[in-house]
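Asker: Sequence and computational prediction follow.
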Amino acid sequence: MLKGISLLNKKGFFQKKDSSIRRFLFSPILLIPLFLVIISSFLIKSIQRDQIASDSLSHLLTGCLGYFVAFFISYIPIERIKKYSLIFYFFSLISLLLIYFFGISVSGAQRWLSFGMFSFQPSEVAKLSTVVALALVLDRKIILKVKDLFLPFLIVIIPWLLIFFQPDLGTSLVLIVLTFVMLYWSQMPIEWILITVLCGATAIFYVVESNILIIWIPFIGYLAYRSSQKFFFPIFAISFHLLVAKLTPFLWEYGLKEYQKDRLILFLDPNRDPLGGGYHLLQSKIAIGSGGLFGTGLLRGKLTYLQFIPEQHTDFIFSALGEELGLLGCVIILFLFFILIKELIKIAKNARTDFESLIVIGIASTFFFQIIINLFMTIGLGPVTGIPLPFMSYGRTSLLINFISIGFVLSIFKRSRSMKNQ
């Protein structure tokens with residue numbers, strides 16, 4: 001194995017070793033995720049105290065493996081990764097397709113592929129592969145006209161459709177967000193992004209109070225005219241929003257599963273079904289509130305121990321954090337997430353090429369959106385979407401892909417302008 005690595009190094013596959021190995025091995029970008037993994041391992045242990053086989057050790061070992069995988073990847077020049085980006089993308093598409101034929105169904109969703117003792121979730125791989133493929137496309141093509149969006153949207157729409165119909169609403173939302181953040185970062189007019197994103201508001205207005213559209217639709221036309229100064233684009237934008245409004249009832253009826261509809265409705269009033277669809281939200285808020293300022297202490301949470309929240313070790317791990325470490329522990333964890341996202345944005349700004357910058361901002365937007373949505377979900381400010389908390393929610397595929405993403409960031413950081421100036 002060592003001879004193989006040496007051979008790859010001679011061929012230039014790895015970056016040349018420098019005197020800063022310790023600096024990167026103990027980089028905050030690596031240490032913060034590892035610390036989050038360790039804390040969440042204790043929380044998972046607390047949730048599964050009475051179970052013979054706990055997932056806490058598996059989570060910890062996967063995190064440690066991911067830590068060294070990220071460090072290993074950081075020595076691969078990003079140009080090497082760029083050459084294989086489309087292969088990586090098509091591999092993820094094939095794995096998503098295989099789910100429909102050989103996938104494992106859990107709780108009504110077919111999202112996993114199994115290979116004997118091992119299983120993995122292709123949608124997690126698709127998030128990273130889409131970021132890399134989209135960065136490759138945006139690096140080569142400047143978005144100046146509406147038709148220039150065809151190829152970037154094509155790159156995203158294929159995995160999005162395959163993920164949405166598994167069904168996996170959470171991951172499909174992540175793909176939408178990272179796409180628009182990367183388009184904005186590539187200097188696409190902000191008005192174009194607003195026109196597209198505000199389709200959600202148009203759909204809501206149509207359902208709640210359609211008269212609002214009398215003012216809303218002309219406003220959309222104004223945004224379109226402001227961005228292009230051409231007659232065609234405002235007409236296109238207005239027509240598109242009117243089409244969205246008319247299609248909203250159809251999409252609600254046939255595009256979403258019944259449990260997805262319940263989740264979107266019940267987060268507004270969980271008490272409508274306290275023992276059914278609203279149960280997760282109510283119990284999660286109770287667990288977080290019971291922690292107080294300092295919490296009950298690790299492995300001492302009563303609600304966590306009694307397993308009042310189903311699948312708490314995955315999407316609702318933050319509720320266990322709130323109960324056992326209290327408000328102070330939640331603030332510390334959120335501060336660590338803030339530092340991580342801040343460092344990623346800083347690296348994106350100092351990247352040497354647009355391709356590298358787009359990859360980092362795509363990864364940063366993925367982490368940030370998942371953190372915000374998961375936090376809102378567990379405290380009752382958002383619907384249950386099944387979006388995990390990065391590095392903390394149990395899920396080996398998600399955790400390993402997150403560390404691989406960190407490895408990409410570290411590889412880019414080594415070549416960044418800020419490093420060259422030191």
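Answerer: Arrived safely. Residues are numbered from 1 along each chain as shown.
Asker: Show the contacting residues for residue 28.
Answerer: By Cβ atoms under 8 Å, 6 or more residues apart in numbering, the residues touching residue 28 are 339, 340, 343. To be clear about C-beta, it is placed using only N, CA and C from the backbone, and glycine gets the same treatment.
Asker: Please render these as a markdown table that adds distance to residue 178, pLDDT and neighbour count to the earlier fields.
Answerer: Below are these laid out as a markdown table (distance: Cβ to Cβ, whole Å; pLDDT from 0 to 100; neighbours: other Cβ atoms under 10 Å):
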| residue | distance to residue 178 | pLDDT | neighbour count |
| --- | --- | --- | --- |
| 339 | 21 | 96 | 13 |
| 340 | 16 | 96 | 24 |
| 343 | 18 | 94 | 18 |
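Asker: Mind checking which of these land in helices?
Answerer: 339, 340, 343 (DSSP state H).
Asker: Now do the spatially most central residue of the chain against residue 189, distance only.
Answerer: Centrality entry for the chain: nearest residue to the mean C-alpha point is residue 366, 3.7 Å, by Cα atoms, centre = their mean. Residue 366 is 23 Å from residue 189, where distance means Cβ to Cβ, to the nearest Å.
Asker: One more: residue 251?
Answerer: Using Cβ to Cβ, residue 251 is found at 27 Å from residue 189.
Asker: More neighbours: these two, which one.
Answerer: Using other Cβ atoms under 10 Å, the more surrounded residue of residue 251 and residue 189 is residue 189, with 16 against 11.
Asker: got the contact list for that one?
Answerer: Neighbours of residue 189 in contact, by Cβ under 8 Å, 6+ apart: residue 227.
Asker: which residues are in contact with stretch 175-187?
Answerer: Residues outside stretch 175-187 that contact it (Cβ under 8 Å, 6+ apart) are 126-127, 130-131, 134-135, 138, 142-143, 149, 152-153, 156, 159-160, 163, 190, 192-193, 196-197, 348, 354, 357-358, 361-362, 365-366, 369.
Asker: Contact partners for the residue nearest to the centre of the chain?
Answerer: 127, 131, 174, 177, 178, 405.
Asker: burial of residue 368, as a residue count?
Answerer: 20.
Asker: Surely it touches residue 340?
Answerer: No - under the criterion of Cβ atoms under 8 Å, residue 368 makes no contact with residue 340, lying 9.4 Å away.
Asker: picking that back up, quick one: the residue nearest to the residue nearest to the centre of the chain when sequence neighbours are not counted from residue 120, how far?
Answerer: Nearest residue to residue 366, sequence neighbours excluded (Cβ to Cβ, 6 or more residues apart in numbering): residue 178, at 5.2 Å. Residue 178 sits 20 Å away from residue 120, taking Cβ to Cβ as the criterion.
Asker: Would you mind telling me which of the two has the busier surroundings?
Answerer: residue 178 (25 against 19).
Asker: what secondary structure does the more buried one sit in?
Answerer: helix (DSSP: H, G, I helix; E, B strand; the rest coil).
Asker: From residue 82, how far off is it?
Answerer: Computed as Cβ to Cβ, the residue 178 to residue 82 distance reads 18 Å.
Asker: circling back to that earlier point, okay, the contacts of residue 366 in JSON lines with distance to residue 398 and pLDDT next?
Answerer: As requested, those are exported to JSON lines (distance: Cβ to Cβ, whole Å; pLDDT from 0 to 100):
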{"residue": "127", "distance to residue 398": "9", "pLDDT": "95"}
{"residue": "131", "distance to residue 398": "15", "pLDDT": "96"}
{"residue": "174", "distance to residue 398": "11", "pLDDT": "94"}
{"residue": "177", "distance to residue 398": "16", "pLDDT": "93"}
{"residue": "178", "distance to residue 398": "15", "pLDDT": "94"}
{"residue": "405", "distance to residue 398": "11", "pLDDT": "96"}
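Asker: Of these, just say which sits nearest to residue 227.
Answerer: When the contacts of residue 366 are ranked by distance to residue 227 (Cβ to Cβ), residue 177 comes first, at 20.7 Å.
Asker: Now, of the contacts of stretch 175-187, which are buried?
Answerer: Neighbour-count burial (16 or more other Cβ atoms under 10 Å) is assigned, among the contacts of stretch 175-187, to 126-127, 130-131, 134-135, 138, 143, 152, 156, 159-160, 163, 192-193, 196, 348, 354, 357-358, 361-362, 365-366, 369.
Asker: what's the closest non-adjacent residue to residue 210?
Answerer: The nearest residue in space to residue 210 (Cβ to Cβ, 6+ apart) is residue 245, at 7.7 Å.
Asker: doesn't residue 200 make contact with the one you found?
Answerer: No - assessed by Cβ under 8 Å, residue 245 is found out of contact with residue 200, at 11.4 Å.
Asker: Dihedrals phi and psi, residue 113?
Answerer: Main-chain dihedrals, residue 113, degrees, to the nearest 10: phi -110, psi 140.
Asker: do the same with residue 104
Answerer: According to degrees, to the nearest 10, residue 104 has phi -90, psi 130.
Asker: I figured it hits residue 118, correct?
Answerer: No - using Cβ under 8 Å, residue 104 makes no contact with residue 118, being 11.8 Å away.
Asker: Please tell me how far residue 201 sits from residue 217.
Answerer: From residue 201 to residue 217 the distance is 11 Å (Cβ to Cβ).
Asker: The residue lying closest to residue 143 once chain neighbours are set aside: what secondary structure?
Answerer: Closest residue to residue 143 apart from its sequence neighbours, by Cβ to Cβ, 6+ apart: residue 188 at 4.4 Å. When classified by three-state DSSP, residue 188 comes out as coil.
Asker: Could you tell me which residues make contact with residue 322?
Answerer: Residue 322 neighbours (Cβ under 8 Å, 6+ apart): 287, 288, 289, 291, 295, 329, 330, 378.
Asker: which one of those has the most neighbours?
Answerer: Ranked by neighbour count (other Cβ under 10 Å), these have residue 378 at the top, with 28 neighbours.
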